[in-house]
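**Student:** Return atomic coordinates for the entry below.
(one chain, ligands or ions: 1)
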Amino acid sequence: MRLIQNMCTIAEYPAPGSAAAADYCLRAAGRRLVKIAVVGASGVGKTALVVRFLTKRFIGDYERNAGNLYTRQVQIEGETLAIQVQDTPGIQVHENSLSCNEQLSRCIRWADAVVIVFSITDYKSYELIGQLHQQVQQLHLGTRLPVVVVANKADLLHIKQVDPQLGLQLAGMLGCSFYEVSVSENYNDVYNAFHVLCKEVSHKQPPSSTPEKRRTSLIPRPKSPNMQDLKRRFKQALSAKVRTVTSV
Ligand SMILES: Nc1nc2c(ncn2[C@@H]2O[C@H](COP(=O)(O)OP(=O)(O)OP(=O)(O)O)[C@@H](O)[C@H]2O)c(=O)[nH]1
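**Tutor:** Here you go, the predicted structure:
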C-alpha cells in the first residue's frame, strides 16, 4: 500500500450529513472507499497511531482528542483506494463497564473496519478489548467486520502491565488480527496493521459494487430497438435504395 496524498482533516465531529457528503465526493471521484474507526481507552496512543500512519511521523503530545476524521488515498494491490480514518475520543471505564456513548456508536456503525488499541502499560485498556469487540459485533449484526487489535507502546517494556502475548491470544479468540507496535519507534508495524485492514475490506467489497461500476450503470443505456423502430428503419433503408436505383 502506498500513501498518495497528504493528510487532510475533513471534519471534526462530522455530522452524519457532512460525512455522507465526504463519502459522496470520494465515491463520485470514482474511488472505492474504506472507512476505518480507531477506538480504545484514553491515552493508549490512538491519535499518535493515526498520525503516524498518515504522516509517518511520531508527534509526542496531543490535545485530548475530540474525534477527527482524516482522509487519504492509498494504493493497494495496484488500485487507488480512498480511506477515511476516524480517530475517536478515549473511552472512560466506569466500574468495569464500558460507557459507549452515542458518538462512539455512530463511528463504529459508520466504519467498514475497526482498529482496537490498547497500551501494554495499562491493564484496564487491555480489559476493554472484549467489550469493544462485542460493541462492534452488536452494531454490525450479521456481518463480520474486519477488526485489528493493536498493542501499543511496545517500547515501554520496563513499565508494562500486559504481556503482549495476552493480546495475541485474545485477538485470536475474537477472530481478529493482532499487531504489537511502538508508534513512537516503528512505522512499519503501524503501516502493516492498517494495510491488512484495507486489504480485507477491499476484498469484501465485490468489484461489481465499485463506484465506477455503479456510475456506469447510472448512465442510460441505449434502448434496444423495438419492432416499430425496426420497421421504420427498414422502410428508410428500402426507400434510400429505391432512390439510388432510380437515380442510376
Ligand atoms: N513511549 C510511547 N509513548 C507513546 C506511544 N504512543 C503514544 N504515546 C504517548 O502516549 C500519550 C497519549 O497518546 P495519544 O495519541 O494522545 O492517546 P489517545 O489514545 O489518542 O488519547 P485520548 O485522546 O485521551 O483518547 C502521548 O503522550 C503520546 O506521546 C508509544 O508507542 N510509545
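
**Student:** Identify each buried residue in stretch 138-146, please.
**Tutor:** Leu139, His140, Leu145, Pro146 (16 or more other Cβ atoms under 10 Å). Heads up, the C-betas are built off the backbone N, CA and C, glycines and all.

**Student:** you'd agree Val150 is in a helix?
**Tutor:** No - counting by DSSP: H, G, I helix; E, B strand; the rest coil, Val150 is not found in a helix; it is strand.

**Student:** residues near it, how many?
**Tutor:** Val150: 28 surrounding residues under other Cβ atoms under 10 Å.

**Student:** surely it meets Phe118?
**Tutor:** Yes - here Val150 reaches Phe118: they are 7.5 Å apart, a contact under Cβ atoms under 8 Å.

**Student:** Make CSV out of the buried residues of stretch 138-146 and add pLDDT and secondary structure.
**Tutor:** Below are these laid out as CSV (pLDDT from 0 to 100; DSSP: H, G, I helix; E, B strand; the rest coil):
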residue, pLDDT, secondary structure
Leu139, 95, helix
His140, 96, coil
Leu145, 95, coil
Pro146, 96, coil
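
**Student:** Show me what from this structure comes close to the ligand.
**Tutor:** With the criterion set to Cβ under 6 Å from any ligand atom, the chain comes near the ligand through 42-48, 60-62, 64-65, 89-90, 152-153, 155-156, 182-184.

**Student:** Which helix or which strand is home to Cys198?
**Tutor:** Per DSSP states H and E, Cys198 falls inside helix 187-204.

**Student:** what's next to that helix, contact-wise?
**Tutor:** Helix 187-204 has contacts (Cβ atoms under 8 Å, 6 or more residues apart in numbering) with 1, 32, 34, 36, 49, 52-53, 56, 74, 76-77, 79, 81, 83, 85, 112-113, 115, 146, 148, 150, 177, 179-183.

**Student:** still on that earlier bit, from the buried residues of stretch 138-146, which single one is nearest the ligand?
**Tutor:** Leu139 (19.6 Å; Cβ to the nearest ligand atom).

**Student:** in this structure, which spans are strands?
**Tutor:** 2-3, 8-12, 32-40, 68-76, 79-87, 93-94, 97-98, 113-119, 147-152, 177-180 (DSSP state E).

**Student:** Lowest average confidence across those, which one?
**Tutor:** Per-stretch mean pLDDT for the strands of the chain is lowest at strand 8-12 (a mean of 37).

**Student:** Hmm, Ser177 and Ala171 touching each other?
**Tutor:** Yes - the pair Ala171 and Ser177 passes the contact test of Cβ under 8 Å, sitting 6.7 Å apart.

**Student:** Need the overlap of contacts for the two.
**Tutor:** By Cβ under 8 Å, 6+ apart, the residues touching both Ala171 and Ser177 are Val149.

**Student:** Between the two, which is the more surrounded one?
**Tutor:** More neighbours surround Ala171 than the other of Ala171 and Ser177, with 21 against 17 (other Cβ under 10 Å).

**Student:** State the distance from that one to Leu132.
**Tutor:** Applying Cβ to Cβ, to the nearest Å, one obtains 12 Å for the distance of Ala171 from Leu132.

**Student:** Quick check: the residue of this protein nearest the ligand.
**Tutor:** Using Cβ to the nearest ligand atom, the single residue of the chain nearest to the ligand is Gly90, 2.5 Å away.
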